[in-house]
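Sequence plus predicted model, see below.
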Protein chains: 2
Amino acid sequence: MEPVSPSHTLGYLHDDEHGIRVPVTQIALEPSPNGQVNEPFTVYRTEGPGSDPVRGLPPFRAKWIEARGDTEAYSGRERNLHDDGRAALRRGAASAEWEGDKPLTRRSLPGKTVTQMFYARKGVITPEMRFVALRENCDVELVRSEVAAGRAIIPNSINHPESEPMIIGKAFLVKINANIGNSAVTSSIAEEVDKLQWAAQWGADTVMDLSTGDDIHTTREWIIRNSPVPIGTVPIYQALEKVNGEANALTWEIYRDTVIEQCEQGVDYMTVHAGVLLRYVPLTAERVTGIVSRGGSIMAGWCLAHHQENFLYTHFDELCEIFARYDVAFSLGDGLRPGSTADANDAAQFAELDTLAELTKRAWKYDVQVMVEGPGHIPFHLVRENVERQQELCDGAPFYTLGPLVTDVAPGYDHITSAIGATEIARYGTAMLCYVTPKEHLGLPNKDDVKTGVITYKIAAHAADLAKGHPGAHERDDALSKARFEFRWRDQFALSLDPVTAEAFHDETLPAEPAKTAHFCSMCGPKFCSMRISQDIRDQFGGLSEQQIVAGMEEKSAAFRESGGKVYLPEPVVGAPDTP
Amino acid sequence: MEPVSPSHTLGYLHDDEHGIRVPVTQIALEPSPNGQVNEPFTVYRTEGPGSDPVRGLPPFRAKWIEARGDTEAYSGRERNLHDDGRAALRRGAASAEWEGDKPLTRRSLPGKTVTQMFYARKGVITPEMRFVALRENCDVELVRSEVAAGRAIIPNSINHPESEPMIIGKAFLVKINANIGNSAVTSSIAEEVDKLQWAAQWGADTVMDLSTGDDIHTTREWIIRNSPVPIGTVPIYQALEKVNGEANALTWEIYRDTVIEQCEQGVDYMTVHAGVLLRYVPLTAERVTGIVSRGGSIMAGWCLAHHQENFLYTHFDELCEIFARYDVAFSLGDGLRPGSTADANDAAQFAELDTLAELTKRAWKYDVQVMVEGPGHIPFHLVRENVERQQELCDGAPFYTLGPLVTDVAPGYDHITSAIGATEIARYGTAMLCYVTPKEHLGLPNKDDVKTGVITYKIAAHAADLAKGHPGAHERDDALSKARFEFRWRDQFALSLDPVTAEAFHDETLPAEPAKTAHFCSMCGPKFCSMRISQDIRDQFGGLSEQQIVAGMEEKSAAFRESGGKVYLPEPVVGAPDTP
């Protein structure tokens, strides 16, 4: 992948003692006009080392996983074309079988637990934790203790050794997720891998594969093998495909088999709608928009059709045992989230949250990592209650929210309506934000939409980090503002979240190369420059204390008065008509 | 102008007793699938009746103004090509003289005050107040009393009788302003008129003409004569042009003459940077970005060069007398606003605010309407303090803020970084939001940028109205959500803030005409539909009380148990492996 700016290069943070290095992006800066050197600026990097899509990424975590001696390699499920849908069965093959490298399929040895939470609770610091601490520039003990307490998760399946460890928790940088995936309607495997790499390059911390069309298994294989970030899925989507979209035909066996299939591939976290209980379903009857969560409505439909309790709830302990064998994290789905501001914070939503809190604690009994999903559509003044309530009920388990959108009236701009709510909810403790693209409610996002969604959510996440006073969060703002004040245009572009767009917009008005170093901007033009006046002020008063300044001013004033001038008197300038 | 949706038509609200009618947009809606008729939805309309740019709009307020008998028509200043800059002087004419209709130039009769505040304080209800009350769907007494108290303004100059009265105050709908204007670098008179009409069509409540290039006077004439919304300016910009951009050469006389020139043309409100006091200037010396307000730096430069107090401050009372004669409102400029999050809420910013509070009360002594401008760049957690402090110090005078941007790291996306701060600051009482376009910090906005800025700010303003619980604000959200739930795609487009974009995005994925009425969306596809399941739930439980629902469920359960089924028991579905 080309870097997004010529000033960007790949660098590393090193923990030589433990043989760990963390990729970062180094941003080279020009010197200031006064000659002062500006050190390269280091930023968190999600794009990974980059891969040839047909070969995949190196499984750099494999040695850490093996070294723990708590897992065994095994053959795993047999290749089953049924996993790829009817088209593949007809063909006798998926449309593009994965032929690149594939790490050995692993599971825990009988009786062993292999989760990061298990080790954290035992007081063991894993290489994954050290990687995260280096990446977050924090004490590794903070990482261990937050994971042990369930307040943070490191979603890195033992079958996704290509992934770079990252942490989701309110004590750390706010993270963002980008959704990709093909659908019954459109898009190829290559397109999805391209979207994955594109999303990671622009800053997605995790990616969810929400594929619902053909070749689901194979598409996911390509995505995982090429992904430097954790991959999340919603297994019920694939299970539904296996029963030809008939929700009523779903069974626990089909679901369980699908989950194991995905665990063996290396999915890092799975959305499970186990909180949609039969008795909650009627609470949605009077809503303006009913149930809008796809997984939620699948389970609600199943519960009603069979008049039985949600099998994800009745089999939750078994799911915990499966997840514990692969270190897959739960993302407890909010299947009853509001689909309109009118339905926000209602009985159905909060009843489900009570159950998600119960399930969080059940998962923790198995040392399985958990985050909890949140809404949705919430008017601005009701947003804060959502995260505070979830944090209290779920004992601080990470909250992972979709927006929320603070108004319903702007389809086509829901990346914006939701970024407003996302900033507010992250400010009060949401750990990860699921992006929303401009196509929300209208269609499937293309590559441009994915980028717009990612950048918009980087803004929300960073604005929340600033509001939380997260250590060092303001440094990038200050570096960019200094570059702006000093008319270091190239540095201003390079330090921005989207250097390509920033430079393109600048060039629309002032395309010439000299304009990149011009000491004025298109607003004031060359004749007059507010920045220049500010520089004069700094030259005259910079470094003086307030007392010195006042003294200095009075001195000047005295001299000025002696010279016959007028200062500080509310009198007209000489020659002006009198004022009453 | 073509309506933005075929479902939109011009309608009117009537106050027949007083012969007043207020234009509104009527949105025709299709019936619900169950046959229920959906009444047309009425929305606030800013675009006015539409005009032929070369003729201008009808001066429909002229009769109201004349009827008060407190003004006289007079010749006004002589046409002075110098007002249009050197190019016009060379040519001997402006590039395109205004030849359309021009209302008589008016001023107050000697000893008379003609402002809306004057009449409000006397207990007189003007036609402008009735127009506003109809438009805001509120009691006219609320309008009068808020204007009388200075908590709201109706910025409608007596020389801009083409303008439709609107109100800016925290008891009313949050308003937005769009900036247009040519510059030394680019753009023609026709383009600016086009941008004005474009901005008003998409929902700008007021427009500021920030022209700084050639033909300033004539460009403004074309804009005012065609504007259904109040026009604001920053007179110091034109005054600076008159002295060839040499801030030091500015004098009160030149400024005063420029203000009168603009009062006679019909500017409705003017930004005056009278709070930039000599002694405050040094407080900016240690800032990361110094002084970024153009007007603020002009005055700071002048103060330093002459070592005299800001002539806008020393002549403020005379300005009040001038504004009182034309009912021009002050927009007290925050020349020392922070230009980066690092400089937010600092000594310079808050020192100036203290002075703006003093000036607010001085203007009120003359019955002159006032709003106060605010920042700028403020991290999210420091936004609220800005509006609460301003409201307290300025006795509730309307706050008018630029954003604020909550982070500095996203040039190219500052419509978004600022919409986040704008929603927060409006939630706590800011009355009008000045838009920011994607080109902020980078270049001059084109027509697309103007639209993006306006729509983004309509989102922020509306989200704040919802958060404030403004009466009726939620109705549009609910109507759109209902249309969404019922798959009334055309209604969903028509009710959105940007019907054109919403429909275009939908058609990218599902272009066919039938898809406009398809009862599924591209996310789930035709095979499975969450909305359909919600409808089933509604059919089964809709209208039942919670007790009835529980009873109903138990009945079903009983029947189910008798039939040998299992309900509510956390046991595996028959045939599933046991769970511990």
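Thanks, I have the structure now.

For stretch A:40-49, measure first residue to last.
Distance across stretch A:40-49, first residue to last, is 20 Å (C-alpha to C-alpha, to the nearest Å).

So what's the gap between that stretch and the chain middle?
With C-alpha atoms, centre = their mean, to the nearest Å as the basis, stretch A:40-49 stands 15 Å off its chain's centre.

Now it: buried residues?
A:41, A:43-48 (16 or more other C-beta atoms under 10 Å in any protein chain shown). Using the backbone N, CA and C atoms, a C-beta is placed for each residue, glycine as well.

and the longest helix seen in chain A, what other elements does it pack with?
The residue-count maximum for a helix in chain A (DSSP state H) belongs to helix A:447-467. The helices and strands touching helix A:447-467, judged by 3 or more C-beta pairs under 8 Å, 6 or more residues apart in numbering or on different chains; DSSP states H and E, are strand A:175-180, helix A:189-202, helix A:414-427, strand A:432-434, helix A:474-485, helix B:380-393, helix B:414-427.

so how far is that helix off the chain centroid?
8 Å.

Now do it against strand A:175-180, angle only.
170 degrees (axes from the mean of the first three to the mean of the last three C-alpha atoms, to 10 degrees).

which parts of helix A:447-467 are buried?
For helix A:447-467, by 16+ other C-beta under 10 Å, it's A:449-467.

Over to stretch A:293-306?
In stretch A:293-306, counting by 16+ other C-beta under 10 Å, buried: A:293-304, A:306.

what about dumping the CA coordinates of the longest helix of chain A to PDB?
What follows is helix A:447-467, C-alpha atoms only, in PDB (Å, rounded to 0.1, in the frame of the first residue of the first chain):
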ATOM      1  CA  LYS A 447     -14.900   2.200  -0.800                       C
ATOM      2  CA  ASP A 448     -15.400   6.000  -0.500                       C
ATOM      3  CA  ASP A 449     -18.200   5.500   2.100                       C
ATOM      4  CA  VAL A 450     -15.900   3.200   4.100                       C
ATOM      5  CA  LYS A 451     -13.200   5.800   4.200                       C
ATOM      6  CA  THR A 452     -15.600   8.600   5.100                       C
ATOM      7  CA  GLY A 453     -17.100   6.500   7.900                       C
ATOM      8  CA  VAL A 454     -13.600   5.600   9.200                       C
ATOM      9  CA  ILE A 455     -12.300   9.200   9.200                       C
ATOM     10  CA  THR A 456     -15.500  10.500  10.700                       C
ATOM     11  CA  TYR A 457     -15.200   8.000  13.500                       C
ATOM     12  CA  LYS A 458     -11.500   8.700  14.100                       C
ATOM     13  CA  ILE A 459     -12.700  12.300  14.700                       C
ATOM     14  CA  ALA A 460     -15.300  11.200  17.200                       C
ATOM     15  CA  ALA A 461     -12.900   8.800  19.000                       C
ATOM     16  CA  HIS A 462     -10.100  11.400  19.100                       C
ATOM     17  CA  ALA A 463     -12.500  14.200  20.300                       C
ATOM     18  CA  ALA A 464     -13.600  11.900  23.100                       C
ATOM     19  CA  ASP A 465      -9.900  11.100  24.000                       C
ATOM     20  CA  LEU A 466      -9.300  14.900  24.300                       C
ATOM     21  CA  ALA A 467     -12.400  15.400  26.400                       C
END
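
is stretch A:386-404 up against chain B anywhere?
No - counting by C-beta under 8 Å from any C-beta of the partner chain, chain B is not contacted by stretch A:386-404; separation bottoms out at 11.0 Å.

Extract the C-alpha trace of that stretch and format it as PDB.
The C-alpha coordinates for stretch A:386-404 follow below in PDB (Å, rounded to 0.1, in the frame of the first residue of the first chain):
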ATOM      1  CA  ASN A 386     -26.900   4.700  28.100                       C
ATOM      2  CA  VAL A 387     -23.200   4.300  28.900                       C
ATOM      3  CA  GLU A 388     -23.500   5.100  32.600                       C
ATOM      4  CA  ARG A 389     -26.200   2.500  33.000                       C
ATOM      5  CA  GLN A 390     -24.300  -0.100  31.100                       C
ATOM      6  CA  GLN A 391     -21.100   0.500  33.000                       C
ATOM      7  CA  GLU A 392     -22.900   0.200  36.300                       C
ATOM      8  CA  LEU A 393     -24.900  -2.900  35.400                       C
ATOM      9  CA  CYS A 394     -22.100  -4.700  33.600                       C
ATOM     10  CA  ASP A 395     -19.400  -3.900  36.200                       C
ATOM     11  CA  GLY A 396     -17.400  -1.800  33.700                       C
ATOM     12  CA  ALA A 397     -17.300  -4.400  30.800                       C
ATOM     13  CA  PRO A 398     -16.400  -2.500  27.700                       C
ATOM     14  CA  PHE A 399     -19.300  -0.800  25.900                       C
ATOM     15  CA  TYR A 400     -19.300  -0.900  22.100                       C
ATOM     16  CA  THR A 401     -21.900   1.300  20.500                       C
ATOM     17  CA  LEU A 402     -23.300   2.000  17.000                       C
ATOM     18  CA  GLY A 403     -23.200   5.800  16.900                       C
ATOM     19  CA  PRO A 404     -25.700   6.600  18.300                       C
END
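
Of all the residues in it, which ones are buried?
Buried-residue list, stretch A:386-404, by 16+ other C-beta under 10 Å: A:386-387, A:389-391, A:393-394, A:396-404.

Most widely separated two among those residues?
A:396 and A:403 (21.6 Å; C-beta to C-beta).

Tell me the pLDDT of the most centrally placed residue in chain A.
Centroid-nearest residue in chain A: residue A:176, 1.0 Å away (criterion: C-alpha atoms, centre = their mean). With respect to pLDDT, residue A:176 scores 98.

Verify the contact between it and residue A:433 for me.
Yes - at 5.0 Å, residue A:176 counts as touching residue A:433 under the criterion of C-beta atoms under 8 Å.

Next, show the common contact partners of those two.
A:457, A:460-461 (C-beta atoms under 8 Å, 6 or more residues apart in numbering or on different chains).

what's the domain layout of chain A?
A:61-471, A:520-564 (the TED database).

And the first one, how far out from the chain middle?
So that's domain A:61-471. 11 Å.

May I have the distance across that domain, first residue to last?
Termini of domain A:61-471 sit 28 Å apart (C-alpha to C-alpha).

what does stretch A:327-347 give?
33 Å.

where do the strands sit along the stretch 101-250 of chain A?
Along the stretch 101-250 of chain A, counting by DSSP state E, counting those that start in this stretch, strands occupy A:106-108, A:152-153, A:168-169, A:175-180, A:206-209, A:231-233.

which stretch among those strands comes nearest residue B:190?
strand A:175-180 (42.7 Å).
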